[in-house]
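Q: got a predicted model here, sequence first, then my questions.
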Amino acid sequence: MDLEREDRLELLFERAAALPSGQRSAFVEAACGADGELRAILTALVADADDAHAYVERVAGPIVATAIRATLGDTSVGTHANGRNGGPDTFAGQHIDHFRVLDRLGSGGMGVVYKAIDVRLDRTVALKFLPPHLGTDEQAKRRFVHEAKAASALDHPNICAIHETGETATGQLFIAMAHYEGETLKEKIARGPLPIRDVLDYVAQIAAGLQCAHDAGIVHRDVKPANLIVTSDGRVAILDFGLAKIARAEVTHEGAAVGTVAYMSPEQTRGVDVDAQTDIWSLGAVLYELLTGQRAFSGETDETVIHAIRHDQPRPVRLLRPDVPAGVAVVVSRCLTKDPTRRYSRADELVSDVRTLQQGGSLRRSLRPKQVLRSSATALLGSVLLLTGPGLTRVAHRVDPEAFSLYLRGKRTADNAESLAYFTQAIAKDSVFAPAYSEAGIRYVWAHDRDRAEQAIEKAIALDPSLSDAYEALGLLRMWLDWNWPAAEAALRRAIGLNPHNALAHHELGQLLTRVGRCDDAIPEVERAVLENPVYPNFQSGLAEVYFNCRRYERAIDEFEKALPLARDSDAIYRDIGDAYFFQGKYTTALASYRKARWVPGWAYVPLGDRQRALAQIDTLTRRWAAGRAAPYEPYLLAKLYTSLGDRDQAITWLERLYGARTGLVVYLKVQPHFDPLRGEPRFQALLKKAGLND
Amino acid sequence: MEQPPREEVTRLLDELQRGDGAAFDKLVPLLYAELREIAHRQRRRWHGDETLDTTALVHEAYLKLVDQSRAGWETRAHFLASAARVMRHILINYSRYRRRKKRGGNLPRLSLDEVGEQLPVELAISESNIDMLVALDASLKTLERVNPRESRIVECRFFGGMTIEETAVALGISTATVSRGWALAQVRLYQDLHRELEV
């Protein structure tokens, strides 16, 4: 401990952190002068300054404060969480079970919703915390678990998937469900009526989802714009299945209405036991509002709204919006019929009608009315099959704890074979544990076992098509062993789409884009990976590697140096730094860095006039190759050595061997600066073409 | 709990100041009982509608536990810093105890004196937060070796709920020094915790 040095570090850090982020590294550079160690330490600290501050303010600080309150006997914290008056964000930043709670997304009658990360499966979810008193009423709790379980069995693209239910340490119930980036129909309607084409599309999707639930005997009971979310690609998901039943209990509990009564069916307002027809009414009310921008039934108070629902006819849709096709108005009327037996008897009848209207709309110009009818009849048949075809029923899967623990050990093990053994054991314990398959797949990729990798990854995707990691593994396979660049890119983008926080997928996508020569696209991806996980050394050195392969050597050296304090094994990083100096023509500095790596490649001496060392290394490596003892990367090394000696033919011969052995390192051919002298050779170009890397 | 005599607490603080480690162990239960008692009263006063203000608690405990006629500026500062350490101690003991409980079922208590172990196991702290608290303690120990002043600052800020100014008073250093130490300590803890908890 050197207190003087500590004081200096604190002072420099304070000054650096006060600067705008763009000026920090220049300041550190100037302030540290020749003190390389101080510079490395300070650089790493400054890089994390903002994240650290946010982490302490938002995560660590609140956790300690809450824990202290708990030890002092303050139990009011748990009930505060729900903030009846929009109280403080007490769950944000907390760890609850295997969830890391992020931002608050909103609140409604059934509790507060937060965005969270399921750290076990590394996916983004929405956590809905139910009102605290539900957790204290055993009967309500049992009913809730029962309803949620029933709803979690629903597997349909238009139904928000429920993953699991849980309880906080204070006994507050929560539901983990799929998280969608999008806008609810409530938010959309707030901006006015929607295009008719969109309305029909949305309503058909909602009806298809409802039909799936009705087939399973589940009635939603609370279909309303706020419960319908539209994702950016136009998919509608119905939220809160199964919750309305509990919400109704809530009405009597609190003595006040939880939500709006505007979308209730007449029979629902009478409090009688409702069936699927009630959802069809509510959907009709939503349809009416999407088309006209006005509620079908409105009033000053709940009583007047209920009176209107029971006795009044809404103003005709086409009066409010004349461009609504007559057929669409008929659909609205068939939903909003007071007598439930005269409404659509099934949601998929509504789907058929909407499909007919959609088809008719697009065919009207070329066909006469009769033909329209006939063609829509066939279209109708097709669409019903399409929409209600047998869906897989996915029951919420609880991972075998032993399998999970093996999985975690595998994740923490660096040695490929050893870690693969853990995943294999995890799979043996729990044969439907998708993340274990996907991790095993990655290890098979590193072991160059193409077939097993393919099988494992395929299985992971089949088990959980929403698992980001599985697509990330697929991306690695397609890139590293298949050299199928477009497929690899698509898979990695899919992985990111499923979980934008998947740092590894960002990292790998960045590497891929560099390898195919798209530097500008690559950099944001690797930077994002570092942002997502600033302390994982591979992401930092991956960022540096991208700069290196993009020929931005200065920046590469900076970034590699940031990786030094993070990495357990600094040899590889010193070697990379050596390469970066080498290609800048700074041969003596390069040599010094290679020495720190404890292995100096022969090419380092060539520009300094010494060819012997390169030749000696070539000799050793060639013998090992002949004896069948060469590591997969050694032909690559030989190619680099021959290139540095100017023997392009031999260099390419070794690269061809590398290709022949289907070694993953082929992915670097297009961008590796070492091979720049080979690029004019037709044999080299042919090799690039075979690897799909030609321009 | 019997009312601790003021002389006792004042004496323990003095002994602690002179580097007697045993004094701390005796101080923990006295201080903790008092803090709990005040917390309980505060809650009643506020009808449970406010969350606790740890610093206010500590100040109130100070007025009550330390002989004001004999107390100087230094005693008060020392009391504040000690209270933060006491809270850390209790929290960590409790966290470790709960971990042991989870792992080994009904393990006997290691020592009956440990205040943390007298707490109910089912306190409203989630498992992952328990992990985080244990990791935080380990990181603070590492930090203590690198820069003891920074670790004291973190203790006051985290466990004593103190502001920068209050921390400066408690540790008898300038606010500028607290700010600098706090800024750097945050990054060190963050890096250490991330290594521990995530990767």
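A: Received, thanks.

Q: contacts only, for residue B:149.
A: B:171, B:173, B:177, B:181 (C-beta atoms under 8 Å, 6 or more residues apart in numbering or on different chains). The way it works is simple: take the backbone N, C-alpha and C, and place the C-beta from them, glycine included.

Q: neighbours around the first one, how many?
A: Each residue near residue B:171 was counted by other C-beta atoms under 10 Å in any protein chain shown, and the total is 22.

Q: can you check the last one too?
A: Other residues within reach of residue B:181, judged by other C-beta under 10 Å, total 25.

Q: point out where chain B drops to low pLDDT.
A: B:1-6, B:40-56, B:67-71, B:73, B:102-124, B:196-199 (pLDDT under 70).

Q: hang on, the earlier thing: also near chain A: which of the contacts of residue B:149, exactly?
A: Filtering the contacts of residue B:149 for proximity to chain A by C-beta under 8 Å from any C-beta of the partner chain leaves residue B:181.

Q: ok but residue A:124 is inside a strand, no?
A: Yes - assigned with DSSP: H, G, I helix; E, B strand; the rest coil, residue A:124 falls within a strand.

Q: that one reaches residue A:115, doesn't it?
A: Yes - between residue A:124 and residue A:115 there is a contact under C-beta atoms under 8 Å: 6.6 Å.

Q: now do the shared contacts for those two.
A: residue A:179.

Q: got the phi and psi for residue B:24?
A: phi -60, psi -50 (degrees, to the nearest 10).

Q: report the spatially closest residue to it, excluding sequence-adjacent ones.
A: Nearest in space to residue B:24, with sequence neighbours left out and distances taken as C-beta to C-beta, 6 or more residues apart in numbering or on different chains, is residue B:16 at 5.6 Å.

Q: which parts of chain A are strands?
A: A:95-96, A:99-108, A:111-118, A:123-129, A:162-167, A:173-178, A:182-184, A:228-231, A:236-238 (DSSP state E).

Q: which strands or helices does the second one pack on?
A: If contacts are counted by 3 or more C-beta pairs under 8 Å, 6 or more residues apart in numbering or on different chains; DSSP states H and E, strand A:99-108 sits against strand A:111-118, strand A:123-129.

Q: quick revisit: mean pLDDT lowest where, among the strands of chain A?
A: Mean pLDDT is lowest for strand A:99-108 out of those, coming in at a mean of 77.

Q: ok so, going back, how near is the residue nearest to residue B:24 to chain A?
A: For residue B:16, the distance to chain A equals 21 Å [C-beta to the nearest C-beta, to the nearest Å].

Q: on that earlier part again, using a markdown table, lay out the contacts of residue B:149 together with secondary structure and distance to residue A:323.
A: Formatted as a markdown table, the contacts of residue B:149 follow (DSSP: H, G, I helix; E, B strand; the rest coil; distance: C-beta to C-beta, whole Å):
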| residue | secondary structure | distance to residue A:323 |
| --- | --- | --- |
| B:171 | helix | 73 |
| B:173 | coil | 74 |
| B:177 | helix | 71 |
| B:181 | helix | 68 |
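
Q: ok, the contacts of residue B:149 vs residue A:100, which is closest?
A: residue B:181 (28.1 Å; C-beta to C-beta).

Q: the closest one contacts residue B:151, doesn't it?
A: No - using C-beta under 8 Å, residue B:181 is not in contact with residue B:151, being 9.1 Å away.

Q: which helix runs longest in chain B?
A: helix B:73-104 (DSSP state H).

Q: other SSEs contacting that one?
A: Using 3+ C-beta pairs under 8 Å, 6+ apart: helix B:73-104 touches helix A:61-71, helix B:6-17, helix B:21-45, helix B:54-65, helix B:127-146, helix B:164-171.

Q: nearest residue to the spatially most central residue of chain B in space, ignoring adjacent ones along the chain?
A: The centroid of chain B falls nearest to residue B:87 when counting by C-alpha atoms, centre = their mean (2.2 Å). Closest residue in space to residue B:87, ignoring its immediate chain neighbours: residue B:159 at 4.2 Å, by C-beta to C-beta, 6+ apart.

Q: in contact with the one you found, which residues?
A: Residue B:159 neighbours (C-beta under 8 Å, 6+ apart): A:64, A:68, B:84, B:85, B:87, B:88, B:91.

Q: hmm, the third one is touching residue B:170, no?
A: Yes - applying C-beta under 8 Å as the test, residue B:84 and residue B:170 come out as touching, 7.2 Å apart.

Q: need the overlap of contacts for the two.
A: What both residue B:84 and residue B:170 touch, as defined by C-beta under 8 Å, 6+ apart, is the set B:156, B:160, B:162.

Q: check the secondary structure at the last one for me.
A: Reduced to three states with three-state DSSP, the structure at residue B:162 is coil.
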